[in-house]
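Peer 1: please find the sequence and the predicted model below.
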Amino acid sequence: MMYSEAGVDEDKATIKPNQSQQFQKVQDQAKEWTKTQFLEFLNNFKLKKKVDINNNNNNNNNNNENEYDENGIKKEKIDKGYYHQQVERMIKNDKSSLYIDFLHIEKFDKSLGKALLMEYFRLEPAIRQGLSIFIQRYFPSFMERVKKERIVLSICCYNVSNFVHIRELRSSRIGSLCSISGTVTRTSEVRPELVIGSFICKDCNTSSLPIPQQFKYTEPTKCLNPLCTNQRRWKINLEESTFTDWQKVKVQENNSEIPGGSVPRSLEIILRGDSVETARAGDTCTFVGTMNVIPDVSKMSIGNNAQIIKGIATTSKEGSTANGKDDFGGVGGLKDLGVREMNYRVCFFSQSVRSNVSKLSSINRKETADSNGGHAHSDGTIDEDLEPESNESFLESLPKKEKDALKKMIKSKKIYQNLVNSICPSIFGHEEVKRGVLLMLFGGVHKKTPEKIRLRGDINVCIVGDPSTSKSTFLKYLISFLPRTVYTSGKASSAAGLTATVVKDPESGDFNIEAGALMLADNGICCIDEFDKMEPADQVAIHEAMEQQTISIAKAGIHASLNARTSILAAANPNGGRYDRNKTLKQNLNIGGPLMSRFDLFFVVLDECNQESDYRIAEHIVLAHQKREKAFNAPFSAIEIKNYIKYAKFIRPTIPDESVHLLIQHYDRLRQMDTSGSKTPAYRITVRQLESLIRLSESLARLHLNTKVLPKYVNEAARLLEKSIVHVETNDVVLGDDDDDDLMKNEENDKDNGDDGGEDDDNNNNNNNNDIGKLTMNFAKYSQLSKLLVLQIKHSGKEKSGIKQIDLIDWYIKDQLESGIITDEEVAKETKITKMVINKMINKDNSLIVLVPNQYPDHRILVIHPNYSFDK
């Protein structure tokens, strides 16, 4: 019926429109109905509760205005629709996107909500037209600005119930509205995109009609001038064309959504308008939009086996123009051009981006969008410098059940111990480790110096211990406990995989930064297992990230400093598989001193044989396998702990004067302990340990919801630091092994050359040997004595030629007598002890070697082992 008045040329089989009347456009009834219903939704939808809350706030803040015109203002606010206020906020914030809660549409009109879910890509122009009509009716001045500046108005929906996993995107989802979640791994730069193009004919300078762009650069098919036959030669009219911001983001599946044995899938997402720069590498975001399929025509230009053949330029004097053309070569391998394969690329066009967890403290994100006018995710809340909302508003935003549980936790008196018992209940014991992990979750206060230098508040923890001591269980627990946690293994990770790398985009050829584990865990926790297995070059790469919390890159013309504000929880095995209590922590670990000083807490977990503890551990494990979740009676659940952490994160405790003096005293005591040698330190105490004391004290104050760092918090922090970092208790060194007993017997036989060796003498010798075999020495004293003997060999000038053992012992005894440390009666005992120490240095420690052996041990020549390190 549309073409009833038109004539048909039977020879050419084409439709000829009449001169008096053009073709009538086909109207899409679904689009017209959608536009009408959506306009009615914008006009009539009201959210009474939200309006009443706003009115109460206005009554408190603007009492004068309410008193001046009480009836008029109240009636106007009640009559205004909810999205009328949202458009006002959009104009006030200088935005071009209206954020709409899709639950409001479904509540207002179920048919409209169902239609938009099924065919959003088709109906999107209709609802944008409805928004333009709404703005033209109520905000004509802003609409004039939109037409003048060619602003692209868009609608961004959130809270869409149709959630789809990335690997579930099938052909049935094409064009429908859905939401997906994933971790951003790469972002491109923001570029202008041509939305509606206006072109000028190069032959006759006739302007074309506005041409909407369809996934590629689209030009007019024919010039509007009937006398012009141009179909290809066009130039774009920038003044009449419409552009918008464009950004491409690569998203990877969340770890919890990857099936076993599968590789994580990736998806390219296109952001436009106000949505650009809202998702950063490492963020876990929810994207709402439509999936589309685009033909990949770039692979159809030439064959798969085609090769570019370089040509040879003309070398004649007349030049290439005189002799025709240069030999520019050509393309070889074109036999397979006849067999072409159509390839398609899946692309997701997102209207809105909402960060699931912009930082560790942000756990509940639903209500923030409504309270900030729907622009919470585009206000830069990822930056920690912005002040968060109050803890009261967070408490009110929780559901009733969670709110009551949080209020009960706030009033709890033994909150510290109850939280410790609730952390990783499947692990038996290890309360000190749980305390350190708990304080890491709360963290200290981030600060800035007057020079704008950032002082980190995140706490780094390292767990060192024997195999099968639940080190990796702590790491796995945090992955399931916190949403923004990245797990990696030290042996399988490189420096670029931990920090960031520069990747070339195969399509555009641009270099982009791809985030590593530390960037992905920004404002979260990075769990690194097998930390001691990392290569030294890879360990150096994370020095900057652990202290300055930044990652600097200078590659491929890219100079950037990226944020890596993360806490690191590392698990390491000691050298040789088991922890040697006779060595210091530094000697047990394959980690350098600069890297060790960046950890706030070290915990050494030993696998010791104890009948009582072994029985309790075995009972705990068997009950866990038998009753599973019912076997653990944790005081608080995981959701309650997360809500409490979020509530406590709003508190920024300050340090009073009394705590300042106490912090200084603890630091001075630790420094004196380091230099006095009374205890064996893990490594040298520096100012970093003072900052660790401050961070741990602030974390304890946050845990107790206290705005001031009290002295008891400082004492608890000093206790944890001293127990974990400063001193690791070691067993006393046992002097008198089997080899030592044989040597002592030889020495006794040498002294009794002329004796008959009666039974009484033999019994006495055996008793003395048994006593000597049980002799022990404090590890600190043993370490000090062994170092003293080695340094004497070095300073005596006989480092290469060697020194007799008897001369070395005589020098030490003489020095002890002159210093008044021992008396004449103690010379014999001290001599025997020194001989045992020398034997242990030769047979066990490998710090001394026998250069010239002798049947009499006192006359053998000793030298320093070539692999001995004087830094120990």
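Peer 2: Looks like it came in fine.

Peer 1: can you give me the strands in the stretch 201-350 of the chain?
Peer 2: In the stretch 201-350 of the chain, the strands defined using DSSP state E, counting those that start in this stretch lie at 211-212, 234-236, 242-252, 266-272, 284-295, 307-312, 327-332, 344-355.

Peer 1: for the ones you listed, which one sits closest to G524?
Peer 2: Of all the strands of the stretch 201-350 of the chain, it is strand 284-295 that lies closest to G524, at 9.3 Å by CB to CB. Placement of C-beta: from N, CA and C, glycine included.

Peer 1: could I get the strands of the stretch 201-350 of the chain in CSV, plus columns for mean neighbour count, distance to F41 and mean pLDDT?
Peer 2: CSV is the format used below for those (neighbours: other CB atoms under 10 Å; distance: least, CB to CB, whole Å; pLDDT from 0 to 100):
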stretch, mean neighbour count, distance to F41, mean pLDDT
strand 211-212, 15, 25, 88
strand 234-236, 15, 37, 89
strand 242-252, 20, 25, 89
strand 266-272, 20, 23, 89
strand 284-295, 20, 18, 85
strand 307-312, 10, 56, 51
strand 327-332, 12, 56, 50
strand 344-355, 21, 17, 84
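
Peer 1: redo those as TSV? Include distance to P220.
Peer 2: Listed next are the strands of the stretch 201-350 of the chain as TSV, based on distance: least, CB to CB, whole Å:
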stretch	distance to P220
strand 211-212	6
strand 234-236	6
strand 242-252	16
strand 266-272	24
strand 284-295	21
strand 307-312	32
strand 327-332	30
strand 344-355	25
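
Peer 1: so L606 sits against D580, correct?
Peer 2: No. L606 lies out of contact with D580 (CB atoms under 8 Å); the separation is 10.4 Å.

Peer 1: for V160, find the nearest of the strands of the stretch 201-350 of the chain.
Peer 2: strand 284-295 (5.1 Å).

Peer 1: ok so, going back, for the strands of the stretch 201-350 of the chain, which one sits closest to L478?
Peer 2: Proximity to L478 (CB to CB) singles out strand 284-295 among the strands of the stretch 201-350 of the chain, at 15.2 Å.

Peer 1: the closest one - contacts with which helices or strands?
Peer 2: Other elements packing on strand 284-295 under the criterion 3 or more CB pairs under 8 Å, 6 or more residues apart in numbering; DSSP states H and E are helix 120-138, strand 154-158, strand 177-187, strand 344-355.

Peer 1: contact partners for L227?
Peer 2: Going by CB atoms under 8 Å, 6 or more residues apart in numbering, L227 touches C204.

Peer 1: what about it, distance to V790?
Peer 2: 102 Å (CB to CB, to the nearest Å).

Peer 1: same thing with Q231?
Peer 2: 91 Å.

Peer 1: P656 too?
Peer 2: To V790, P656 is 48 Å away according to CB to CB.

Peer 1: so which residue is dead centre in this structure?
Peer 2: By CA atoms, centre = their mean, the mean C-alpha position of the chain lies nearest to A521, the distance being 0.3 Å.

Peer 1: which residues touch that residue?
Peer 2: 282, 484-486, 564, 566.

Peer 1: tell me the two of those that are most distant?
Peer 2: Longest span within those, CB to CB: T485 and A564, 14.2 Å.

Peer 1: and those two? which has more neighbours close in?
Peer 2: A564 (29 against 24; other CB atoms under 10 Å).

Peer 1: touching, that one and A515? I think so.
Peer 2: No. Contact criterion CB under 8 Å: A564 and A515 do not qualify, at 9.4 Å.

Peer 1: quick one on the thing from earlier: and the helices and strands packed on strand 284-295: which comes nearest D807?
Peer 2: When the helices and strands packed on strand 284-295 are compared by CB to CB, strand 177-187 sits nearest D807, at 67.0 Å.

Peer 1: now the closest one and strand 154-158, what's the angle there?
Peer 2: Per axes from the mean of the first three to the mean of the last three CA atoms, to 10 degrees, the angle that strand 177-187 makes with strand 154-158 is 100 degrees.

Peer 1: which helix or strand lies directly C-terminal to strand 177-187?
Peer 2: strand 191-197 (DSSP states H and E).

Peer 1: what's the angle between that following strand and strand 266-272?
Peer 2: Going by the same axes, to 10 degrees, strand 191-197 makes 60 degrees with strand 266-272.

Peer 1: can you count the residues close to T499?
Peer 2: Neighbourhood size, T499 [other CB under 10 Å]: 24.

Peer 1: identify the residues contacting the nearest residue to V605 once chain neighbours are set aside.
Peer 2: Among residues not flanking V605 along the chain, G465 sits closest, at 3.1 Å (CB to CB, 6 or more residues apart in numbering). By CB under 8 Å, 6+ apart, the contact set of G465 is 471, 573-574, 579, 603-607.

Peer 1: L700 reaches A717, doesn't it?
Peer 2: Yes. Counting by CB under 8 Å, L700 does reach A717; the two are 6.2 Å apart.

Peer 1: identify the residues contacting stretch 471-485?
Peer 2: 255, 284, 356-357, 359-360, 363, 423-424, 426-427, 433, 437, 441, 463, 465, 487, 521-527, 529, 569, 571-572, 605, 638, 641-642.

Peer 1: if you set the cut-off to 7 Å instead, what comes out?
Peer 2: Contacts with stretch 471-485, where a contact means CB atoms under 7 Å, 6 or more residues apart in numbering, come from 284, 356-357, 360, 424, 426-427, 433, 437, 463, 465, 487, 521, 523-525, 527, 529, 569, 571, 605, 638.

Peer 1: and those, which of them are in strands?
Peer 2: 284, 463, 465, 487, 525, 527, 529, 569, 571, 605 (DSSP state E).

Peer 1: going by distance to H559, which of these wins?
Peer 2: The shortest approach to H559 among these belongs to T284, at 27.7 Å (CB to CB).

Peer 1: right, I'll call it a day here.
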